[in-house]
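>>> need a structure here:
(one chain, ligands or ions: 1)
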Amino acid sequence: MRILIVEDEPRLAQALKEGLESEHYEAVVAHSAEDGFFQIHSGCFDLLILDLMLPGRSGLEALTVMRQQGQTTPALILSARDRVEDRILGLDAGADDYLVKPFAFPELLARIRALTRRGRPEDILRFKVADLELDAVTRKVTRGQQPVELTVREFELLEYLLRYQGQIVSREMLARDVWRESRRATPLDNVIDVHIARLRRKVDDADSPKLIHTLRGVGFMLSETAP
Ligand code: CA
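This next block holds a predicted model:
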């Protein structure tokens, strides 16, 4: 379980990181909103812990932008502001929970457990981005309400891109999690690219806005807006 901590106060950031690591979470610290953007786009996180008062862009602005970009990672706001209005602002910006500083570490852990139970990507069974819908139970895919016929592999590929929508999905991730062949002698890059091209022809036809984006040298991203 990977947690991104966006907190500018070095001692608190370090204490959080060490506390979470002692509970066997993997924790990464970003000291500003900009650093937070960089981190969240370069790795997969299961949870975002976000301070509101940051140098430059505030935590609230950062979260608003991340949600607009399609980031669905559960977010917990840490803030010294304890007014009801502040909590509402935070939740409206897309936070899933709000914890007032100072807080007891066991309470933070309890909130993290609740959020990561609720927000685990593998528990999500229906996805919708723009007019693309995928139902993991019935295994039906539609674009603009028209059925899209996919092979088993194409379906798994699309489902994976949807689970990580708004985040970069590398070819290594696809080889490991969709093809389940991370230890091959020869990389699967060409195979993956062929499948992405086929999936794109079926999902991203000429009339609709493109949802599957290629990031040269990095991987792919499924997102309503070009990254
Ligand atoms: Ca701060």
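>>> quick one: contacts for the nearest residue to V141 once chain neighbours are set aside?
Closest residue to V141 apart from its sequence neighbours, by C-beta to C-beta, 6 or more residues apart in numbering: V148 at 4.3 Å. C-beta coordinates here come from the backbone N, C-alpha and C atoms, glycine included. Neighbouring residues of V148 by C-beta atoms under 8 Å, 6 or more residues apart in numbering: V141, T142, K202, V203.
>>> before we move on, what about I124?
A136, R163.
>>> can you give me the helices for this structure?
Ranges of helices in the chain, per DSSP state H, are 10-22, 33-42, 59-68, 84-92, 105-119, 152-163, 171-177, 189-203.
>>> Show residues contacting stretch 76-83.
7, 47-53, 59, 63, 86, 90, 95-101, 103, 108, 111-112, 115.
>>> just to revisit the earlier point, of the contacts of V148, which is the most crowded?
Counting neighbours by other C-beta atoms under 10 Å, V141 comes out on top of those with 23 neighbours.
>>> isn't that one right next to P147, touching?
Yes: here V141 reaches P147: they are 7.2 Å apart, a contact under C-beta atoms under 8 Å.
>>> E107 and the ion, how far apart?
Note on E107: its distance to the ion, by C-beta to the ion, to the nearest Å, is 19 Å.
>>> again but with G219, I slipped
Distance from G219 to the ion, by C-beta to the ion: 32 Å.
>>> Who does that residue form a beta bridge with?
For G219, the beta-bridge assignment (DSSP bridges) gives partners L215.
>>> ok, the closest residue to E21 other than its chain neighbours - how many residues close by?
Distances taken as C-beta to C-beta, 6+ apart put A27 closest to E21, at 5.6 Å, once the chain neighbours are dropped. For A27, the neighbour count with other C-beta under 10 Å is 20.
>>> got the residues of the protein near the ion?
D8, D51, M53 (C-beta under 5 Å from the ion).
>>> Filter these down to the buried ones and hand me the ChimeraX line.
Command for ChimeraX, covering only those of these found buried under the criterion 16 or more other C-beta atoms under 10 Å:
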select :8,51
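>>> which one among the residues of the chain next to the ion gets closest to T72?
D51 (20.4 Å; C-beta to C-beta).
>>> wouldn't the closest one be in contact with R57 here?
No: between D51 and R57 there is no contact under C-beta under 8 Å: 11.8 Å.
>>> Redo the helices of the chain as CSV? Include mean pLDDT.
Formatted as CSV, the helices of the chain follow (pLDDT from 0 to 100):
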stretch, mean pLDDT
helix 10-22, 95
helix 33-42, 91
helix 59-68, 92
helix 84-92, 85
helix 105-119, 81
helix 152-163, 93
helix 171-177, 84
helix 189-203, 94
